[in-house]
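Chemist: fold the following, please.
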Amino acid sequence: MFGLETDLLILLVICLLAACAFEFVNGFHDTANAVATVIYTNTLRPWAAVVWSGFWNFIGVFAGGIGVAMGIVYLLPIETLIDQDVWHGIAMIGALLLSAIIWNVGTWYYGLPSSSSHTLIGSILGLGIAYSLLPSTTEASFAWSEASKTGMSLLVSPFLGFTLTVFLMFILKRFVKNKTIFKEPHKRKAPPLWIRIILIITCTLVSFFHGSNDGQKGVGLVMLILIAIVPSYYALDNDKDPVGLRNSITQVEQVLARVDSTVLSASDAKQLTLLNDEVREMRGVFTSNPNMESLPKDARFLLRRDILLITKGTDKLMESPDITMSQRDRDQLKAGVTGMRSYTDYAPDWVIMMIALSLGIGTMIGWKRIVKTIGEKIGKEHLTYAQGASAEFMAASVIGFSTFVFKLPVSTTHILSSGIAGSMVANRGIKNLNAGTIRNIALAWVLTLPVSMFLSGTLFLLFRWLFA
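Modeler: Alright, predicted model coming up:
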């Protein structure tokens, strides 16, 4: 398989199984976000709720695209993604998987709704920082711009969860005349049909959007594994027409030819020279090999390397104050680079299916611990119909916009937990929150990033030393 030596093939299988395990843990760790409200309002029986949620998580993975997945991949320094040393890749993937799984399982065991997203992203950030500390690299290798965008989305989303739920509860109290939705559910009776339908719809939306966002994180993780261990096979999307890539090369080549290098600073002129060299190299590869099928394995990785370096280089060049480029040229350059990236930013169908199954099955198992925390311990009162519907509708909206509009990873756990807290505050004020539970959740939130960063960074440096 893939022409790998036996030891590398075993490591590949182990890493893929570990990625599935992470997504499986993510499923039962985050199931509570979708099913807690329908279970605690007697809208659905627990077994029906988790099966229904699992199904829509599965569908969500397929519908989510790969924007968030690639955002996860490119949190790593570009240099780690163009390193053909397989053992360096294994050191990276091993550190990433171990640190993420250790923290995820630990917080689940203690019933703390910490974030699988924070865990994975913290592990990636820790790995990137550790990579920048290696003697052969510099601090500039770390993807600070991508990290800052992702970090901002993770910080802002819980705040939105809290405030939007408070606002939605206010709207419901102001305009809904039927007060049944504001009462504590009967312990043995299902809610009125119209309320039940609303709660099932919000549960479905949270499950679907959770799958579309968190499932992509698993897809990104698997693509990191494949690129690290079998780079020549997954460097490019071989299902795409190579004519499109040649056209994109031409677009970039034409714009670069119109840049006046005489007015550039020494560093910008050097960057322009490097870009032209990389474009010529890509052109040369296609001159010798007119179609994807005839491309040698090494040539595919070379094209991937050039595409990523061109992306990084053009971003730097367009940010330079010395560049006098028309808006038309900027648009053409951006279109050309985007066209190139469509050949590197992809995921095979079998990867998406594997992650969808792992997330969907995980959703159906191990949900009780965190459901109990969300349903009973965040506030001092039992969850009402209005609180459950408000928190879940808000969570689905925020996750959906983050996935399909902004292409950013967010924490389903943080958003919904914040929404539940907001619904409690909207009902009876800040005193309606359970201080002990909020303190424990906040502690898990605060610790997740630094602990996962420390774990992955330390493990990465250890593995690089062992595999050197």
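Chemist: so which bits of stretch 447-465 are buried?
Modeler: Of the residues in stretch 447-465, 447-449, 451-457, 459-461, 463-464 count as buried by neighbour count, 16 or more other Cβ atoms under 10 Å. Backbone N, C-alpha and C define where each C-beta goes, glycine included.
Chemist: ok, and what's touching that stretch?
Modeler: With contact meaning Cβ atoms under 8 Å, 6 or more residues apart in numbering, stretch 447-465 is reached by 88, 90-92, 94-96, 98-100, 102-103, 107, 114-115, 118-127, 129-131, 133-134.
Chemist: now, of those, which are buried?
Modeler: For those, a burial check counting by 16+ other Cβ under 10 Å picks out 88, 90-92, 94-96, 98-100, 102-103, 107, 114-115, 118-127, 129-131.
Chemist: leaving out sequence neighbours, find the closest residue to Gly244.
Modeler: Leaving aside its chain neighbours, Gly244 sits nearest to Gly339 (6.2 Å; criterion: Cβ to Cβ, 6 or more residues apart in numbering).
Chemist: whoops, I mixed them up, Thr448
Modeler: Per Cβ to Cβ, 6+ apart, closest to Thr448 is His118, 4.3 Å.
Chemist: for that neighbour, give its distance to Thr150.
Modeler: 10 Å (Cβ to Cβ, to the nearest Å).
Chemist: quick one: secondary structure of Trp201?
Modeler: Just so we're on the same page, residue 201 is Ile rather than Trp. Using DSSP: H, G, I helix; E, B strand; the rest coil, the structure places Ile201 in helix.
Chemist: residue furthest from the geometric center of this structure?
Modeler: Within the chain, Thr262 marks the point farthest from the mean C-alpha position, 42.0 Å out by Cα atoms, centre = their mean.
Chemist: burial count for the closest residue to Asn289 other than its chain neighbours?
Modeler: Once flanking residues are discounted, Asn289 sits nearest to Leu295: 4.7 Å by Cβ to Cβ, 6+ apart. By the measure other Cβ atoms under 10 Å, the count of residues near Leu295 is 22.
Chemist: the one 5 residues further on too?
Modeler: When neighbours are defined as other Cβ under 10 Å, Arg300 has 21 of them.
Chemist: correct me if wrong, but it is in a helix.
Modeler: Yes. Under three-state DSSP, Arg300 sits within a helix.
Chemist: tell me who's in contact with the residue nearest to it when sequence neighbours are not counted.
Modeler: Counting by Cβ to Cβ, 6+ apart, Ala235 is the residue found nearest to Arg300 once chain neighbours are left out, at 4.3 Å. Ala235 sits next to 227, 300-301, 303-304, 344 when contact means Cβ under 8 Å, 6+ apart.
Chemist: Met424 versus the residue nearest to Asn289, what's the distance?
Modeler: Counting by Cβ to Cβ, the gap from Leu295 to Met424 is 58 Å.
Chemist: circling back to that earlier point, and the contacts of Ala235, which is closest to Val351?
Modeler: Ile227 (11.5 Å; Cβ to Cβ).
Chemist: go through stretch 55-70 and flag the buried ones.
Modeler: With burial defined by 16+ other Cβ under 10 Å, the residues of stretch 55-70 counted as buried are 55-61, 64-70.
Chemist: before we move on, back to that, restricted to helices, list the contacts of stretch 447-465.
Modeler: Within those, residues falling in helices by DSSP state H are 88, 90-92, 94-96, 98-100, 102-103, 107, 118-127, 129-131.
Chemist: the most centrally placed residue in the chain: what secondary structure?
Modeler: Central residue of the chain (Cα atoms, centre = their mean): Lys217, 3.6 Å from the mean position. Following three-state DSSP, the label given to Lys217 is helix.
Chemist: that one against Leu408, yeah?
Modeler: No. Here Lys217 does not reach Leu408: they are 11.2 Å apart, not a contact under Cβ atoms under 8 Å.
Chemist: list residues touching both of these two?
Modeler: Val68.
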